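S.K.: based on what follows, work out the 3D shape:
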Amino acid sequence: MRGGSGWGRRGVRLHENLIRDDNKLILLASLSDSLEYVADSIERLGKITSHSSNQGADKAKTLASFADDYRKLAIDCLKVLRVEMKLETIFHMQEMTNREYLEDQDAEEPDDFVIALTAQITRRDEEMAPFVAVVKQNYIFGGICSIAANASIKALADMKSINLFGVQQICRNSIALEQALAAIPSIDSKAVQQRLDHVRTYYELLNMPFEALLAFITEHENLFTPAEYANLLKANIPGREIPPDAQDRVSYILSH
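M.R.: The predicted model follows:
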């Protein structure tokens with residue numbers, strides 16, 4: 001499998017660096033909330049102090065500086081949580097390149113790695129909710145969709161082979177992820193749907209005969225990158241016939 005061993009090594013290193021303990025992530029969310037509260041309290045004290053005397057104005061500036069420091073620390077906690085969720089998504093989605101998608105029936109359940117990821121998203125969202133405002137939930141979990149969508153499309157280049165039912169399996173995976181993200185109140189469900197529809201459209205192109213695919217590319221040349229279109233042609237699909245000059249014909253369309 002092209003690139004598989006590299007993914008495997010990166011996956012091991014990534015897994016070792018992830019915060020696997022959910023309790024630690026909840027503590028980070030709680031810490032961020034507490035730091036925000038302290039910053040707000042210091043700011044209120046500074047406003048009261050600034051009216052008391054000339055010296056009070058200097059003390060107020062000092063207190064304002066302290067408040068900024070606490071607020072920055074609160075933001076840093078949120079940044080760690082956002083990065084952690086992105087890395088978790090990369091770790092789970094890389095499994096797409098480690099298997100063949102040669103299914104023998106319609107997909108009824110998502111892949112195990114998708115089930116694990118969606119369960120983790122749901123659990124962490126529920127546990128962090130008491131400590132982070134809606135807009136902060138959106139920040140923490142908002143990067144997952146684009147990461148998962150990009151990883152799904154890029155994974156085709158490393159897959160051994162895929163068939164009609166394999167395409168349906170990947171579409172089922174994207175639907176499960178869409179449902180998990182849409183359940184988070186702060187997430188823009190329409191944006192999530194658009195991104196994951198993009199993934200489903202991409203993989204469904206594998207089911208088209210070459211001439212039909214060529215017609216689609218002619219009408220939607222900017223929907224995917226030239227490299228992404230090229231990977232559609234290179235994918236090993238049992239029974240699909242791709243002419244020897246397929247890449248040249250696609251390149252001609254994309255260059256005019």
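S.K.: any idea how far residue 29 lies from residue 23?
M.R.: 11 Å (C-beta to C-beta, to the nearest Å). Backbone N, C-alpha and C define where each C-beta goes, glycine included.
S.K.: who has more neighbours, the two?
M.R.: residue 29 (23 against 9; other C-beta atoms under 10 Å).
S.K.: identify the residues contacting that one.
M.R.: By C-beta atoms under 8 Å, 6 or more residues apart in numbering, the contact list for residue 29 reads 77, 81, 127, 128, 131, 132, 140.
S.K.: which SS class is residue 62?
M.R.: Assigned state for residue 62: helix (three-state reduction, DSSP: H, G, I helix; E, B strand; the rest coil).
S.K.: follow-up on the earlier one: mind checking which of the contacts of residue 29 land in helices?
M.R.: Here DSSP state H is the test, and the contacts of residue 29 give 77, 81, 127, 128, 140 as lying in helices.
S.K.: now, of those, which are buried?
M.R.: Buried by 16 or more other C-beta atoms under 10 Å: 77, 81, 128, 140, out of these.
S.K.: using TSV, lay out those together with pLDDT and distance to residue 194.
M.R.: Listed next are these as TSV, based on pLDDT from 0 to 100; distance: C-beta to C-beta, whole Å:
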residue	pLDDT	distance to residue 194
77	95	30
81	95	25
128	93	25
140	94	21
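S.K.: adding distance to residue 33 as columns, could you present those in JSON lines?
M.R.: Shown next, in JSON lines, are these (distance: C-beta to C-beta, whole Å):
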{"residue": "77", "distance to residue 33": "9"}
{"residue": "81", "distance to residue 33": "12"}
{"residue": "128", "distance to residue 33": "10"}
{"residue": "140", "distance to residue 33": "12"}
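S.K.: my guess is residue 203 contacts residue 173. True?
M.R.: No: using C-beta atoms under 8 Å, residue 203 is not in contact with residue 173, being 9.8 Å away.
S.K.: other residues contacting stretch 245-256?
M.R.: 210, 214, 217, 218, 221, 226, 229, 230, 233, 243.
S.K.: among the residues you listed, which one has the most neighbours?
M.R.: residue 229 (22 neighbours).
S.K.: which stretch of helix or strand covers it?
M.R.: If you go by DSSP states H and E, residue 229 is part of helix 226-234.
S.K.: what's the following helix or strand after that helix?
M.R.: helix 246-254.
S.K.: I'd like to know the average pLDDT value across that following helix.
M.R.: Throughout helix 246-254, pLDDT has a mean value of 93.
S.K.: can you mark which positions in it are buried?
M.R.: 246, 250, 254.
S.K.: quick one: those as TSV, columns for distance to residue 57 too.
M.R.: Shown next, in TSV, are the buried residues of helix 246-254 (distance: C-beta to C-beta, whole Å):
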residue	distance to residue 57
246	74
250	69
254	64
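S.K.: looking at this structure, which helix or strand is least sure?
M.R.: Ranked by mean pLDDT, DSSP states H and E, the weakest helix or strand in the chain is helix 4-17, scoring a mean of 51.
S.K.: that one: what's the following helix or strand?
M.R.: helix 22-50.
S.K.: so residue 236 is in contact with residue 160, correct?
M.R.: Yes: with contact defined as C-beta under 8 Å, residue 236 reaches residue 160; the gap is 6.7 Å.
S.K.: so between the two, which is more surrounded?
M.R.: Between residue 236 and residue 160, counted using other C-beta under 10 Å, the more crowded position is residue 160 (15 against 12).
S.K.: would you point out the most distant pair within the buried ones among the ones in helices among the contacts of residue 29?
M.R.: Spatially, the most separated pair among those is 77 and 128, at 10.9 Å (C-beta to C-beta).
S.K.: before we move on, the earlier item: between the contacts of residue 29, which sits nearest residue 68?
M.R.: Once C-beta to C-beta is applied, the member of these that ends up nearest residue 68 is residue 77, at 15.3 Å.
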